[in-house]
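J.: sequence first, then the predicted structure, then my questions.
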Amino acid sequence: MRSADPRRMVLTALLVLLQTGSATMAGSPPVRTLEAGPPARATFDAATFDALVQEGIHAGAYPGAVLIVGRHDTLLFAKGYGHLTWARTSPAADPESTLYDLASLTKVIATTTALMLLVERGQVRLDAPVATYVPAFNAAGTSAITVRQLLTHTSGLRADIPDAELKAIPDSAALMARVLRETPRVAPGSRVIYSDLNAILLGEVVRHVTREPLDVFATREIFDPLGLRETMFRPPARLRPRIAPTGVWHGLSIAGVVNDGSAFRLRGVSGNAGLFAPALDVARFAQFVMRGGTCPPPDGRRLLRSETVRLFTAKATDFGPKSEARALGWQAVPTGESVSSAGTLFGPHTFGHTDQPRVRAACPPAVHGPQAGPGCRRRCGGPGVRCVLSVPLSSTTANAASVDNPSRPCAGGTGNSDLSRSRFRIRRAWRRSGFRSPRSPRRCT
């Protein structure tokens with residue numbers, strides 16, 4: 001198996017973060033608050049992306065965005081655009097202070113990284129049955145499901161617990177008991193089914209092995225060492241004025257409450273969702289993976305062995321070109337690149353993660369409109385969470401499209417022609433910029 005090369009990363013989580021390995025911003029001096037290293041030669045103009053991001057705002061796709069571009073060990077560009085909502089008095093989007101609901105990026109930033117630490121320390125074995133660590137996971141057909149299969153989404157479990165079932169579950173204990181009673185819908189190991197249940201169970205593995213909740217372990221062992229000072233589950237109420245809303249519930253904007261039904265009922269701490277962070281914290285995590293497990297400056301110490309990072313980011317499933325490809329916790333580029341939101345311009349060492357897309361954009365990072373709030377059926381448009389390594393384009397905040405301004409269009413539907421044209425122009429501009437993934441692997445050290 002060929003190892004994935006964690007050298008370039010894009011993380012968009014109701015924000016934009018691009019880590020590109022072949023360019024710098026013309027006319028934008030490198031920002032060295034996070035990383036150190038010489039910039040590459042300029043090959044595109046930052047003004048191009050200013051216009052594209054602003055076009056999305058004008059088209060009603062999102063009220064604001066944050067864009068960060070970095071190459072290797074240098075943060076080259078960081079800028080906020082627009083505001084957190086459509087209200088003129090709303091705070092401006094800011095790379096350092098605006099917090100975003102990271103949704104399914106929780107799966108890789110918190111849950112997968114926690115498993116990487118536990119596997120490296122010998123506390124968890126990838127091929128051990130899940131019941132070894134979570135004895136209550138013992139329903140029919142689950143005895144052979146392994147930790148590896150949870151990470152690769154090949155456990156056979158269904159994608160999630162539908163909203164109709166969630167509404168009948170009274171509390172977090174009852175929901176966890178329901179998850180532990182789940183049975184595989186297809187034979188374990190036979191196909192990929194991207195499932196929130198897998199991530200919730202992985203969070204339980206972490207809790208049982210460490211004897212502490214996922215948020216406590218992740219804060220001490222991951223966020224604090226990496227300097228992710230504002231990455232957290234369950235942000236306190238005092239931070240809500242600078243949290244980007246994710247939707248509308250009973251006419252009110254939702255900010256600071258996890259926008260996922262299961263994680264919400266698990267009191268905001270779950271292996272599948274619940275994490276909040278600013279763009280610059282996500283940038284630090286991006287560099288941590290790119291550096292093969294070494295903390296970004298000024299710390300610089302090694303948190304994970306490079307072999308562990310390569311193990312988890314290497315492609316681990318191959319069910320043909322019509323199947324989603326998975327690494328351990330991460331998404332990989334499938335054989336033939338025919339089933340991937342990353343398009344066809346990315347090499348075999350690309351890896352990343354997404355939230356489940358409901359609306360596809362005509363650009364590599366898909367955008368989608370997540371559920372507008374706990375118990376709310378309304379859908380509002382825009383991207384939820386996107387993390388794709390070496391994907392060269394942005395998605396941005398859009399979920400508060402009708403908050404504070406009901407006349408603004410809800411931009412998530414496929415019928416928004418202005419937004420569709422904007423997405424087409426974004427993809428066309430990106431292709432003209434000439435970015436391609438390198439054909440041969442190259443380590444970033």
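T.: Thanks, I have it.

J.: so L118 sits against V209, correct?
T.: Yes. Counting by CB atoms under 8 Å, L118 touches V209, with 5.8 Å between them. The C-beta positions use only the backbone N, C-alpha and C, and glycine is treated the same way.

J.: common neighbours of these two, please.
T.: Residues touching both L118 and V209 by CB atoms under 8 Å, 6 or more residues apart in numbering: V124.

J.: neighbours around G293, how many?
T.: 22 (other CB atoms under 10 Å).

J.: that one: what's its closest spatial neighbour, skipping adjacent residues?
T.: L304 (3.2 Å; CB to CB, 6 or more residues apart in numbering).

J.: relative to A218, how far out is T231?
T.: According to CB to CB, to the nearest Å, T231 and A218 sit 9 Å apart.

J.: same check on V186?
T.: V186 is 31 Å from A218, by CB to CB.

J.: more neighbours: these two, which one.
T.: Comparing V186 with A218 by other CB under 10 Å, the one with more neighbours is A218, at 28 against 13.

J.: for the helix or strand hosting that one, buried residues please.
T.: In the assignment (DSSP states H and E), A218 maps to helix 214-218. By 16 or more other CB atoms under 10 Å, the buried positions in helix 214-218 come out as 214-215, 217-218.

J.: okay if I get those as TSV plus pLDDT?
T.: Compiled in TSV, these are given as follows (pLDDT from 0 to 100):
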residue	pLDDT
L214	98
D215	98
F217	99
A218	99
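
J.: and those residues, which two are the farthest apart?
T.: D215 and F217 (7.5 Å; CB to CB).

J.: checking my notes, F276 in a strand, right?
T.: Yes. Remark: F276 belongs to a strand, assigned using DSSP: H, G, I helix; E, B strand; the rest coil.

J.: am I right that A92 is in contact with T85?
T.: No. Using CB under 8 Å, A92 is not in contact with T85; the gap is 11.1 Å.

J.: who has more neighbours, the two?
T.: The residue with more neighbours, out of A92 and T85, is T85; 24 against 13, by other CB under 10 Å.

J.: all helices for the stretch 251-400 of the chain, in order.
T.: Counting by DSSP state H, counting those that start in this stretch, the stretch 251-400 of the chain has helices at residues 261-265, 279-290, 306-313.

J.: now do the longest one against helix 306-313, angle only.
T.: When axes from the mean of the first three to the mean of the last three CA atoms, to 10 degrees is applied, the directions of helix 279-290 and helix 306-313 differ by 110 degrees.

J.: what packs against helix 279-290?
T.: strand 10-13, strand 18-19, strand 64-71, strand 74-82, helix 224-226 (3 or more CB pairs under 8 Å, 6 or more residues apart in numbering; DSSP states H and E).

J.: return the most buried member of these.
T.: strand 10-13 (a mean of 30; mean count of other CB atoms under 10 Å).

J.: that one - what's its average pLDDT?
T.: Strand 10-13 shows a mean pLDDT of 33.

J.: so the residue nearest to G293 sits against L118, correct?
T.: No. Using CB under 8 Å, L304 is not in contact with L118, being 11.1 Å away.

J.: coming back round to it: tell me which of the helices of the stretch 251-400 of the chain lies nearest to L99.
T.: Across the helices of the stretch 251-400 of the chain, closest to L99 is helix 279-290 (CB to CB), at 8.9 Å.

J.: roughly how far apart are L228 and R121?
T.: From L228 to R121 the distance is 20 Å (CB to CB).

J.: so which of these two has more stuff around it?
T.: L228 (24 against 11).

J.: so for the closest residue to the more buried one other than its chain neighbours, what's the pLDDT?
T.: Nearest residue to L228, sequence neighbours excluded (CB to CB, 6+ apart): D281, at 4.4 Å. pLDDT, the model's per-residue confidence, is 92 for D281.

J.: what does K167 show for phi and psi?
T.: Note on K167: backbone dihedrals following degrees, to the nearest 10 are phi -60, psi -20.

J.: likewise for the one 5 residues further on?
T.: When read as degrees, to the nearest 10, the backbone of S172 gives phi -70, psi -40.

J.: give me the number of residues near it?
T.: S172, neighbours per other CB under 10 Å, totals 16.

J.: just V147 next, same as before
T.: So V147, with other CB under 10 Å, has 26 neighbours.

J.: got the phi/psi numbers for it?
T.: According to degrees, to the nearest 10, V147 has phi -60, psi -40.

J.: how about the contacts made by it?
T.: Applying CB under 8 Å, 6+ apart to V147 gives the contacts 115, 124-128, 130, 133, 202, 205.

J.: A279 touches K79, doesn't it?
T.: No. The criterion here is CB under 8 Å, and A279 misses it with K79 at 9.7 Å.

J.: what's the overlap in contacts for these two?
T.: 66, 68, 95.

J.: what is the nearest of those to R291?
T.: I68 (16.4 Å).

J.: if we go by neighbour counts, what in stretch 282-301 is buried?
T.: Applying 16+ other CB under 10 Å to stretch 282-301 flags 282-297 as buried.

J.: how about the strands in the stretch 101-250 of the chain?
T.: All strands of the stretch 101-250 of the chain, identified by DSSP state E, counting those that start in this stretch, fall at 232-233, 247-249.

J.: quick one, which of those strands gets closest to A314.
T.: So among those, strand 232-233 is nearest, using CB to CB, at 28.6 Å.

J.: and for that closest one, what are the contacting residues?
T.: For strand 232-233, using CB under 8 Å, 6+ apart, the contacting residues are 110, 214-215, 218-219, 223, 268-269, 274-277.

J.: so what's the spatially closest residue to A187 that is not a sequence neighbour up against?
T.: By the measure of CB to CB, 6+ apart, the closest residue to A187 outside its immediate chain neighbours is G156, 5.9 Å from it. Applying CB under 8 Å, 6+ apart to G156 gives the contacts 141, 145, 149, 184-191, 193.

J.: need the helices and strands packed on helix 279-290 in JSON lines (columns: distance to S323).
T.: Below are these laid out as JSON lines (distance: least, CB to CB, whole Å):
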{"stretch": "strand 10-13", "distance to S323": "23"}
{"stretch": "strand 18-19", "distance to S323": "27"}
{"stretch": "strand 64-71", "distance to S323": "32"}
{"stretch": "strand 74-82", "distance to S323": "36"}
{"stretch": "helix 224-226", "distance to S323": "33"}
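
J.: select, out of these, the one closest to D171.
T.: strand 10-13 (28.0 Å).

J.: quick one: T146 from H153, how far?
T.: Following CB to CB, the distance that separates T146 from H153 is 12 Å.

J.: no more questions from me, cheers.
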